[in-house]
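[1] Kindly generate the corresponding structure for this input.
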Amino acid sequence: MDDLSDEALRDFVTQVCEEQVVARELIRKVSWRKTPEQILCIEQLHRAAVFARTWLPSCPKTGEVIYVSTFLQGLVEVMKPHILNSGCTPLAQIFTIARSALIRLDEQATGSAWLIRHVMGWGLEDEVDLVPGLSEIHHAIAKALGSAGLKKISPSINPRLH
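    This is a model prediction of the structure:
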């Protein structure tokens, strides 16, 4: 996560990645974009996050939150096969995994934590309108995940928006 200049966001991603169930998946080899090339899952997530940050011009701080949110949404896709029989949605499971790291991020960088919650669909529904460009952020993330081979491109990653 050397691409993140914000220490609080870097710590957040590191804490999520250190969760045992996540760490196991991150070192798994995956195909890269329908080629014979094999890369680590963490590299696939990183590439998607870089794509999203690149495609959506924004201030550096928002760009870093987009990077982190893309990484998290990529984790949702990566973890789906392991979550399907758990009784909760993949998005809810990733929230459970990230919850303590998100609370810590809230203490260090409240604005970033708030924006991540809303981008991921974990924020308060009545505050969604307070996030400028949320649909553009969702579109950039979906496009980045699709380009990285993590999911089909859809207009929104947030199930509450449709």
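
[2] how long is stretch 79-96 end to end?
    End-to-end distance of stretch 79-96 (Cα to Cα, to the nearest Å): 13 Å.

[3] So the residue of the chain positioned farthest from its centre, which state does it fall into?
    The centre of the chain is farthest from one residue, residue 36, which by Cα atoms, centre = their mean lies 25.6 Å away. Classification of residue 36 using DSSP: H, G, I helix; E, B strand; the rest coil returns coil.

[4] For it, give its distance to residue 127.
    Computed as Cβ to Cβ, to the nearest Å, the residue 36 to residue 127 distance reads 45 Å. Any C-beta I mention is one placed from the backbone N, CA and C, and that applies to glycine too.

[5] In three-state terms, label the residue positioned nearest the centre of the chain for me.
    For the chain, the residue nearest the mean C-alpha position is residue 72 (2.2 Å; Cα atoms, centre = their mean). Taking three-state DSSP as the rule, one finds residue 72 in the helix state.

[6] Return the residues in contact with it.
    For residue 72, the contact set (Cβ atoms under 8 Å, 6 or more residues apart in numbering) comprises 16, 94, 98, 116, 120.

[7] Show me which helix or strand of this structure is least confident by mean pLDDT.
    strand 29-31 (a mean of 82; mean pLDDT, DSSP states H and E).
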